[in-house]
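Engineer: Would you be able to build a 3D model of this:
(one chain, ligands or ions: 1)
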Amino acid sequence: MYNMEITLALLKPHIVRNTYAVHQLKAQMESNFNILAAKDLRVTKELSECFYVEHKDKFFYYRLTSFMQSGFCSAFILQSESCIQKWRQLMGPTKVFKAVYTDPNCIRALYGLSDTRNACHGSDSTVSALREIGIIFPEFDISSVNNQSKVINKCVHIKKA
Ligand SMILES: Nc1ncnc2c1ncn2[C@@H]1O[C@H](COP(=O)(O)OP(=O)(O)OP(=O)(O)O)[C@@H](O)[C@H]1O
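Structural biologist: You can find the predicted model right below:
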């Protein structure tokens, strides 16, 4: 079945400072996805805490949210068939040392520096994608994207019930 999806992709601050990496990764995105929206943004304390709220109680939460505030991030709304899994596959394992050994050509193996500075982010589900796009791209009209808007309607319906 045709499974057109959207996802949020983020390039983290140490990557955005690396113009070669940004050039390579943008080219990789362009050849694999439709890029529906893109922008560079400065992630504030509030934004980073909201974005990573699920990790609030983890030992690395402060380290992670501080790092996200340390420079510009590049954000993209990507669209393709099975986009969520496809982008996460291109990113590779969360932990860079694992990525280097198990998937040496993935983005995190090539450009990640540590568990925190692991180069990029990708939503892990449709629900996360919608939440994260809402945080990073509040101006994006998500109802213009067919399949995902059906999911939104479903979420809204569940919430109201
Ligand atoms: N042990 C750790 N030490 C430091 N930072 C960590 C650690 N585990 C995860 N992180 C950071 O928290 C982020 C979110 O962790 P999560 O377990 O949700 O991984 P992920 O879903 O692969 O990554 P992301 O959500 O960024 O795509 C990771 O991308 C990484 O930057």
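Engineer: can you pull the contacts of the closest residue to Leu90 other than its chain neighbours?
Structural biologist: Residue nearest to Leu90 in three dimensions, not counting chain neighbours: Ile107, with 5.9 Å by C-beta to C-beta, 6 or more residues apart in numbering. C-beta coordinates here come from the backbone N, C-alpha and C atoms, glycine included. Applying C-beta atoms under 8 Å, 6 or more residues apart in numbering, one finds that Ile107 lies in contact with 25, 28, 90-92, 119-120.
Engineer: which residues of this protein score low on pLDDT?
Structural biologist: 1-2, 146-161 (pLDDT under 70).
Engineer: just the residues of it that are near the ligand, which are they?
Structural biologist: 55, 60, 63-64, 94, 115-116, 118, 121-122, 124 (C-beta under 6 Å from any ligand atom).
Engineer: Show the buried residues in the residues you listed.
Structural biologist: Taking 16 or more other C-beta atoms under 10 Å as the criterion, what is buried in the residues of the chain next to the ligand is 64, 118, 121-122.
Engineer: which stretches of this structure form strands?
Structural biologist: Secondary structure of the chain (DSSP state E): strands located at 4-11, 34-42, 72-81, 120-122.
Engineer: So what are the sheet partners of the shortest one and their directions?
Structural biologist: The sheet places strand 120-122 alongside strand 4-11 (antiparallel), with pairing taken from DSSP bridges.
Engineer: The third one now?
Structural biologist: Sheet partners assigned to strand 72-81 using DSSP bridges are listed as strand 4-11 (antiparallel), strand 34-42 (antiparallel).
Engineer: Compare these and report which one is nearest to Glu81.
Structural biologist: strand 4-11 (5.8 Å; C-beta to C-beta).
Engineer: So which bits of the closest one are buried?
Structural biologist: Buried residues in strand 4-11, counted by 16+ other C-beta under 10 Å: 5-11.
Engineer: could I get those residues as JSON lines with distance to Phe33?
Structural biologist: Shown next, in JSON lines, are those (distance: C-beta to C-beta, whole Å):
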{"residue": "Glu5", "distance to Phe33": "10"}
{"residue": "Ile6", "distance to Phe33": "9"}
{"residue": "Thr7", "distance to Phe33": "8"}
{"residue": "Leu8", "distance to Phe33": "12"}
{"residue": "Ala9", "distance to Phe33": "8"}
{"residue": "Leu10", "distance to Phe33": "14"}
{"residue": "Leu11", "distance to Phe33": "14"}
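Engineer: From those residues, pick the one nearest the ligand.
Structural biologist: Leu10 (7.4 Å; C-beta to the nearest ligand atom).
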